[in-house]
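Enquirer: The sequence and its predicted three-dimensional model are supplied below.
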Amino acid sequence: MTLDEKHQGLKEIKDELLNLTSSPLYEYRQANKYYPVIGEGNHEARVMFVGEAPGKNEALTAKPFCGASGRILDELLNSIGLKRSDVYVTNIVKDRPPANRDPSPEEIIFYGPFLDRQIEIIEPEIIATLGRFSMKYILDKFDSSERLRSIGELHGRVIPGSLKGLAMSVLPLYHPAAAIYNQALKNTLFKDFQVLKVLT
């Protein structure tokens with residue numbers, strides 16, 4: 001797929017999501033003057049980060065990981081010599097759930113196909129999942145033998161996989177938001193990002 005085709009494919013996803021009245025979160029988005037958060041970054045990225053769902057700051061700006069967890073993500077990227085512009089960052093669920101709650105199974109099922117299309121367009125070599133929801137979704141999608149394990153068991157481990165014939169590695173990571181008030185978890189994230197440095 002050419003870069004122009006990738007741009008066009010991702011624009012089509014954005015246009016669909018903007019007008020997706022069938023979304024379980026559409027009315028909540030409209031009532032709060034939020035935006036869907038599609039994703040951001042390099043359309044030819046080798047590394048794709050997949051989080052769970054946007055928070056308030058993200059929904060107000062349409063930019064993924066732009067709040068406190070985003071600052072931690074930037075620190076982590078800087079620690080291995082990467083910038084946001086080198087990678088692609090997105091979430092499974094593209095709209096903010098009410099009260100910043102976890103995404104529901106129904107929301108993940110609804111929005112998951114849009115993430116699948118993003119993966120097929122960008123064709124990353126590495127999918128770094130941020131948090132247990134995205135880890136479970138991606139490992140299920142890849143039909144991985146590790147899909148029943150917890151993030152506590154799998155974080156920082158490289159798991160081979162493939163999607164529609166495209167070989168990719170999955171690297172489960174804790175969500176940066178979990179490290180905001182937990183220094184030990186933040187240290188674990190920095191250590192796990194060294195695995196990503198080796199891969200890139």
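Expert: Perfect, I can see it now.

Enquirer: give the contact list for the residue sitting nearest the centre point of the chain.
Expert: Nearest to the geometric centre of the chain sits Val50, at 1.4 Å (CA atoms, centre = their mean). Contact analysis of Val50 by CB atoms under 8 Å, 6 or more residues apart in numbering lists 90-92, 115, 127-130, 134, 137-138. In short, each C-beta sits where N, CA and C put it, glycine included.

Enquirer: Kindly spell out which helices and strands sit in contact with the worst-scoring helix or strand of the chain on mean pLDDT.
Expert: Every helix and strand in the chain was compared by mean pLDDT, DSSP states H and E; the lowest is strand 159-163, with a mean of 88. Judged by 3 or more CB pairs under 8 Å, 6 or more residues apart in numbering; DSSP states H and E, strand 159-163 is in contact with helix 105-122, helix 132-141, strand 166-173.

Enquirer: Kindly reformat the ones you listed as TSV and extend each row with mean pLDDT, mean neighbour count and distance to Leu77.
Expert: Putting the helices and strands packed on strand 159-163 into TSV (pLDDT from 0 to 100; neighbours: other CB atoms under 10 Å; distance: least, CB to CB, whole Å) gives the following:
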stretch	mean pLDDT	mean neighbour count	distance to Leu77
helix 105-122	96	18	17
helix 132-141	96	22	17
strand 166-173	93	20	12
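
Enquirer: quick one, which of those is nearest to Asn78?
Expert: Nearest to Asn78 among the helices and strands packed on strand 159-163 is strand 166-173; the distance by CB to CB comes to 15.6 Å.

Enquirer: what's near enough to touch Tyr34?
Expert: 28, 59-60, 95-96.

Enquirer: Which members of those residues are classed as buried?
Expert: 59-60, 95-96 (16 or more other CB atoms under 10 Å).

Enquirer: need the helices for the protein, in chain order.
Expert: Here the chain has its helices, by DSSP state H, at 3-18, 26-31, 56-61, 68-79, 105-122, 132-141, 151-154, 183-199.

Enquirer: Same list (those) but as CSV, adding distance to Val37.
Expert: Formatted as CSV, these follow (distance: least, CB to CB, whole Å):
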stretch, distance to Val37
helix 3-18, 9
helix 26-31, 10
helix 56-61, 5
helix 68-79, 11
helix 105-122, 11
helix 132-141, 14
helix 151-154, 22
helix 183-199, 22
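
Enquirer: Which one of these lies nearest to Arg46?
Expert: Of all the helices of the chain, helix 183-199 comes closest under CB to CB, at 8.6 Å.

Enquirer: what pLDDT does the most far-flung residue of the chain relative to its centre get?
Expert: Here the chain reaches farthest from its C-alpha mean at Ala31, the gap being 25.0 Å by CA atoms, centre = their mean. At Ala31, the predicted lDDT confidence score is 96.
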